[in-house]
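Student: Fold the stuff below for me.
(2 chains)
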Amino acid sequence: MAASAVPLEDVRKAGRFVTAVRDYPHRSGVRARLLRWYYLPEAVETITLGLSGARTGELSREEAREFYEHLLVAHQALRELLDDVRARRHWRVLAWRWLRRLENELDELDDLLDTLAWGFDPDLQQFTDVTVSEVERRRQTQCRSR
Amino acid sequence: MPIQIDDSASPTFQKALRELSKQYRHVGEDLKRAYEAISADPWHACNARRIPGTSHELWKYRVRSSDRKRGGRGGFRLIAYRPPGSDVLYPLIVYTHSQYEGQPPDRQIKRAIESLLGSLPGAQPGLFDGD
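Tutor: So this is what the prediction gives:
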């Protein structure tokens, strides 16, 4: 069960980057364009790949909460940026491939946030721990009785 | 490591599937395709993510829907449990993103696990009377 090879620190950095890019949307300089059109999709991919598969299961409750709060801000920033691009017909037409890629990544980020939120919900956690232990106990009883 | 998927153990899952199939005619086929992929590579297929903060193995998957034609977002979410050391994965809940904002409410998830418990022998009635 191999976890993602992307270091968690890179995921944090990518989150900060996505949030920061929101402040550049109307600038047309080379740096702003590069950030928005080239590096932004890469950064979002770093987040979704970095926290995929077994990696999310390795996070403690505190880490799950920390990433949730950190990435929620990035998610909001990305959503605002995409809404802004969609609202401009010129950009929407020129950047449709970029938009489609980032819309998929935004959905992926959405799912990631749902998964992380589960990790620090105390009620759900307690219930899951108790009941899954019970499922396991009964499954073993079932195996023995066969 | 290939694993088996037993989707008949949880009555809640079966009920959710029946409900979904009224609206999405191909949900059964979509899930079958997803099961094949998940069986072959359970930790990466279908955007697999392990739910954090618990020592138990609960996994969340995204299943594409051939009825909705909207990629992963328009598809189904599948939450499954794998007992420790077991090579069997038990689907607990299947739902669409539009059914719930985010994920199913706690109560729904509790019922799903409870129903899986009830389907296994040695059930202790009243374990969840406090809900």
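Student: how about the one residue in chain B that gets nearest to chain A, what does it touch?
Tutor: Taking Cβ to the nearest Cβ as the measure, chain B has B:Arg50 as its residue closest to chain A, at 2.9 Å. Using the backbone N, CA and C atoms, a C-beta is placed for each residue, glycine as well. Each residue near B:Arg50 by Cβ atoms under 8 Å, 6 or more residues apart in numbering or on different chains is listed here: A:53-58, B:43, B:57-60.
Student: any chance of the residues you listed in TSV, with distance to A:Leu113, pLDDT and secondary structure too?
Tutor: Formatted as TSV, those follow (distance: Cβ to Cβ, whole Å; pLDDT from 0 to 100; DSSP: H, G, I helix; E, B strand; the rest coil):
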residue	distance to A:Leu113	pLDDT	secondary structure
A:Gly53	17	88	strand
A:Ala54	18	87	helix
A:Arg55	15	91	helix
A:Thr56	11	90	helix
A:Gly57	16	88	helix
A:Glu58	17	89	helix
B:Trp43	20	87	coil
B:Glu57	21	81	strand
B:Leu58	16	84	strand
B:Trp59	17	89	strand
B:Lys60	12	90	strand
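Student: Out of the residues you listed, which comes closest to B:Tyr81?
Tutor: Nearest to B:Tyr81 among the contacts of B:Arg50: B:Leu58, at 5.5 Å, using Cβ to Cβ.
Student: what bridges to the closest one?
Tutor: Beta-bridge partners for B:Leu58, by DSSP bridges, are B:Tyr81.
Student: surely it meets B:Ala80?
Tutor: Yes: B:Leu58 lies in contact with B:Ala80 (Cβ atoms under 8 Å); the separation is 7.3 Å.
Student: what is in contact with the two at once?
Tutor: Common neighbours of B:Leu58 and B:Ala80 (criterion: Cβ under 8 Å, 6+ apart): B:Leu92.
Student: any idea of the pLDDT on residue 123?
Tutor: If you meant another chain, say so; for now it's chain A. pLDDT, A:Asp123: 65.
Student: oops, chain B please
Tutor: We have a pLDDT of 41 for B:Ala123.
Student: Is it correct that B:Ser115 is in contact with B:Ala9?
Tutor: No: at 9.2 Å, B:Ser115 does not count as touching B:Ala9 under the criterion of Cβ under 8 Å.
Student: Please, where are all the helices along chain A?
Tutor: Secondary structure of chain A by DSSP state H: the helices cover A:8-21, A:30-33, A:40-50, A:61-86, A:89-94, A:96-119, A:122-145.
Student: Dump these to CSV, plus mean neighbour count and distance to B:Gly74.
Tutor: Output for those, formatted as CSV (neighbours: other Cβ atoms under 10 Å in any protein chain shown; distance: least, Cβ to Cβ, whole Å):
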stretch, mean neighbour count, distance to B:Gly74
helix A:8-21, 18, 24
helix A:30-33, 11, 31
helix A:40-50, 20, 18
helix A:61-86, 17, 17
helix A:89-94, 11, 21
helix A:96-119, 19, 9
helix A:122-145, 15, 26
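Student: Quick one: the ones you listed as CSV, columns for distance to B:Gln99 too.
Tutor: Compiled in CSV, those are given as follows (distance: least, Cβ to Cβ, whole Å):
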stretch, distance to B:Gln99
helix A:8-21, 28
helix A:30-33, 39
helix A:40-50, 23
helix A:61-86, 21
helix A:89-94, 30
helix A:96-119, 13
helix A:122-145, 18
